[in-house]
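Q: Return a 3D structure for these sequence lines:
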Amino acid sequence: MDALGTDFAKIGSILSGSLTNSKVRIRGWVHRSRTSGGICFLVVRDSTGVVQCAIKKDAVGESSFISASQAYIESTILVEGVVKQDARAPGGYEISASSVKLVAQGEPFPIAKDQSVEFLLDTRHLWLRSQRLTNIMKARHKIIFYLREFFEKEGFWELAPPIITGAACEGGSTLFEISYFGEKAYLTQSSQLYAEVFTTALENVYVLAPSFRAEPSRTVRHLCEYWHLEPEMAFYDQKMNMRLQERMLEYVCQKMADSHPDLLLAIGRQPEKLKAVRAPFKRMTYEEAVEIAARSGANIKKGQDLGADEEALLTKDEEKPVFVTNFPKEIKAFYMREDPSNPGTVLNADVLAPEAHGEIIGGSERIWEYDELMRRLKENNLNPKDYEWYIDLRRYGPFPHSGFGLGIERLVKWMLNLDHIRDAIPFPRTINRVYP
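A: Numbers count the residues shown, from 1 in each chain. Here you go, the predicted model:
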């Protein structure tokens with residue numbers, strides 16, 4: 001048997017029942033192994049699932065049987081045999097092997113049961129093979145696919161921003177500084193300012209790219225490197241912006257619940273939780289949110305940003321996300337437009353996910369008039385020279401527009417109800433981890 005051939009069945013096809021009583025060839029890696037007398041049971045995995053193979057000495061020959069019996073966890077193997085339905089086997093099907101070949105035995109796999117979190121993070125390049133992380137990465141792929149599908153249906157254009165920038169977007173304290181041929185430069189905190197450029201030509205656009213925040217945070221929802229979905233919309237006010245966010249979250253949640261219930265269940269997420277996510281979402285002002293959180297025992301005062309504890313209190317009885325609007329302008333970014341009907345606050349909203357998952361989206365109307373932008377840059381002690389190109393957008397053809405930023409890993413964490421954001425990305429980068 002040649003491992004590089006093309007006539008191999010996928011294990012997922014076997015588990016679907018479409019190959020019952022058929023002779024198949026599979027290739028993959030040993031997931032579990034057990035030998036008893038003259039029979040060896042190997043559970044083999046590929047990208048589509050796991051299936052048990054019953055390997056009898058008298059069916060495959062002594063040499064092949066010894067090779068199969070000596071296979072380590074994660075050894076690479078080829079098996080040929082007939083698919084049988086067997087309720088006792090994982091997935092309900094088993095291959096009765098007629099031929100087996102150990103392609104590569106490798107070395108004993110270093111990961112066993114009950115390993116520490118730090119050990120599993122040190123061996124992340126191997127632990128990503130686990131069924132749980134495999135399923136999470138499959139779900140992440142589908143979630144991103146449905147986000148892109150939503151924006152395609154809405155007539156948006158996806159565009160590519162620079163990752164290396166010359167100025168801050170969200171504040172200088174969380175910038176990763178690099179040397180760019182002798183000049184100071186930074187890894188982008190957000191592609192928003194560049195996405196705004198594209199609205200002048202294409203109107204409704206989005207960016208899906210990495211962002212970087214040098215935040216010294218050790219929480220279950222902070223990463224130093226994460227993937228950022230950032231739509232910007234010409235001629236949208238904040239109400240239109242919020243309605244778009246609602247429809248987007250409803251779309252991706254309904255798609256996952258309808259199309260991938262088995263994947264969700266394998267991860268431990270009930271599809272019904274996502275089916276409950278339908279627009280419209282509850283809205284409350286920042287001032288109302290602070291009062292509610294304080295009455296619930298939170299240690300917060302007006303003028304302070306909402307933290308994880310306050311966000312959990314605000315959503316503890318909710319089945320779907322909640323909007324918090326009109327934050328004080330002093331605690332929000334310089335580009336957010338002040339609310340003319342509520343001076344001192346900005347036309348913005350944070351989306352808080354239920355089940356204590358916290359903020360997943362931040363959005364606002366953008367300042368589009370030259371004089372207001374210059375005032376806000378001054379108020380935030382930002383040098384206009386660093387933003388000349390951005391200021392030009394207010395000089396030449398300014399227009400009202402809005403946008404938002406969605407953290408992909410925070411969305412995945414909430415949708416799959418993960419305990420920690422590090423499992424929502426293949427290789428998490430946190431304050432204390434840059435390996436592997």
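Q: what comes up buried for the longest strand along the chain?
A: Secondary structure of the chain per DSSP state E: the longest strand is strand 23-36. Applying a neighbour-count criterion of 16 or more other Cβ atoms under 10 Å, one finds 24, 25, 26, 27, 28, 29, 30, 31, 33, 35 buried in strand 23-36. No exception for glycine: its C-beta is placed from N, CA and C like everyone else's.
Q: which among those residues gets closest to residue 155?
A: Nearest to residue 155 out of the buried residues of strand 23-36 is residue 28 (Cβ to Cβ; 42.0 Å).
Q: I figured that closest one was touching residue 46, is that so?
A: Yes - with contact defined as Cβ atoms under 8 Å, residue 28 counts as touching residue 46 (3.9 Å).
Q: Can you work out which residues contact both of the two?
A: residue 11 (Cβ atoms under 8 Å, 6 or more residues apart in numbering).
Q: and residue 362, what is it in contact with?
A: Residue 362 sits next to 348, 349, 350, 351, 404, 405 when contact means Cβ under 8 Å, 6+ apart.
Q: how far away is the residue sitting furthest away from the middle of the chain from residue 98?
A: Distance from the C-alpha centroid of the chain peaks at residue 58, with 48.4 Å (Cα atoms, centre = their mean). The spacing between residue 58 and residue 98, counted by Cβ to Cβ, to the nearest Å, is 11 Å.
Q: for residue 89, same thing?
A: Taking Cβ to Cβ, one finds residue 89 at 17 Å from residue 98.
Q: do the same with residue 250
A: Residue 250 is 50 Å from residue 98, by Cβ to Cβ.
Q: Residue 112: how many residues sit nearby?
A: Neighbours of residue 112 under the rule other Cβ atoms under 10 Å: 9.
Q: picking that back up, more neighbours: which of residue 89 and residue 98?
A: Using other Cβ under 10 Å as the criterion, residue 89 and residue 98 rank with residue 89 on top: 18 against 14.
Q: Domain map for this protein?
A: In the domain annotation for the chain, the residue ranges read 11-104, 122-424 (automatic domain parsing).
Q: Those domains into JSON lines, with extra columns for distance to residue 115 and mean pLDDT?
A: Output for the domains of the chain, formatted as JSON lines (distance: least, Cβ to Cβ, whole Å; pLDDT from 0 to 100):
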{"stretch": "domain 11-104", "distance to residue 115": "13", "mean pLDDT": "97"}
{"stretch": "domain 122-424", "distance to residue 115": "8", "mean pLDDT": "97"}
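Q: Of those, which is nearest residue 2?
A: Residue 2 lies closest to domain 11-104 among those, at 8.5 Å (Cβ to Cβ).
Q: where along the stretch 151-300 of the chain do the helices fall?
A: Remark: helices assigned in the stretch 151-300 of the chain by DSSP state H, counting those that start in this stretch are 192-202, 238-259, 261-267, 271-275, 286-295.
Q: For the first one, buried residues please.
A: Along helix 192-202, these residues count as buried under the neighbour rule (16+ other Cβ under 10 Å): 192, 193, 194, 195, 196, 197, 198, 199.
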